[in-house]
Structures are given as C-alpha cells and as structure tokens.
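>>> Fold the stuff below for me.
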Amino acid sequence: MPTISMFYGIVICLYFYDDERHKLPHIHAKYQGHEASFSILDAAQSSGEIPIAKVRLVQA
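Below is the predicted model:
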C-alpha cells in the first residue's frame, strides 16, 4: 500500500484499486496498530477506529 503522508505518528495510505469494500474515494489512516478509512470528499470517517485526537488531525 503506497504511503502518501506521515505526520504525528499517523501514516496516510491510498489503495489504487480498493473500490470493492467502499464505493467512495477514500484514504486509510494508521496509528499505533489502529486503522480507519476517511472519505476524500468530506473527511468523514467511514470505517475503523483511531483515537479521536488523531481523527481530528486527519480530518484537518
């Protein structure tokens, strides 16, 4: 999975052909063993779980 950004311990990744699980364009955020998906369009968290402080950083 290609990493497109790293900040404050958060790794942002993007799968090119990941349209089977989620239909909307999205990114994956990983932080200390946790993983969540976020919509690129409105930054809404669509699945997974990471600490709320890190969710806010990803959404910003």
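>>> Compute the number of surrounding residues for the closest residue in space to residue 59 that isn't next to it in sequence.
Leaving aside its chain neighbours, residue 59 sits nearest to residue 43 (4.2 Å; criterion: CB to CB, 6 or more residues apart in numbering). Just so you know, the C-beta spots here come from the backbone N, C-alpha and C atoms, and that holds for glycine as well. By other CB atoms under 10 Å, the residues close to residue 43 number 14.
>>> Helix or strand: which one has residue 43?
Here residue 43, judged by DSSP states H and E, is contained in no helix and no strand.
>>> any idea how far it is from residue 33?
Distance of residue 43 to residue 33, given as CB to CB, to the nearest Å: 22 Å.
>>> Quick check: pLDDT value at the residue nearest to residue 59.
For residue 43, the model assigns a pLDDT of 92.
>>> again, but for residue 19
60.
>>> The residue nearest to residue 59 and residue 58 touch, don't they?
Yes: assessed by CB atoms under 8 Å, residue 43 is found in contact with residue 58 at 7.3 Å.
>>> which residues in this protein form strands?
Along the chain, the segments classed as strands by DSSP state E run 3-7, 10-13, 26-31, 34-39, 45-49.
>>> With mean neighbour count added, can I get the ones you listed in a markdown table?
Formatted as a markdown table, the strands of the chain follow (neighbours: other CB atoms under 10 Å):
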| stretch | mean neighbour count |
| --- | --- |
| strand 3-7 | 11 |
| strand 10-13 | 16 |
| strand 26-31 | 20 |
| strand 34-39 | 17 |
| strand 45-49 | 13 |
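>>> Would you check that residue 24 makes contact with residue 41?
Yes: using CB under 8 Å, residue 24 is in contact with residue 41, at 6.5 Å.
>>> Look at the two and report which has more neighbours.
Just comparing residue 24 and residue 41: by other CB under 10 Å the higher neighbour count belongs to residue 24, 13 against 9.
>>> give the contact list for the more buried one.
39, 40, 41, 46 (CB atoms under 8 Å, 6 or more residues apart in numbering).
>>> again with residue 58
10, 12, 27, 29, 36, 38, 43, 50.
>>> Perfect, I'm done here.
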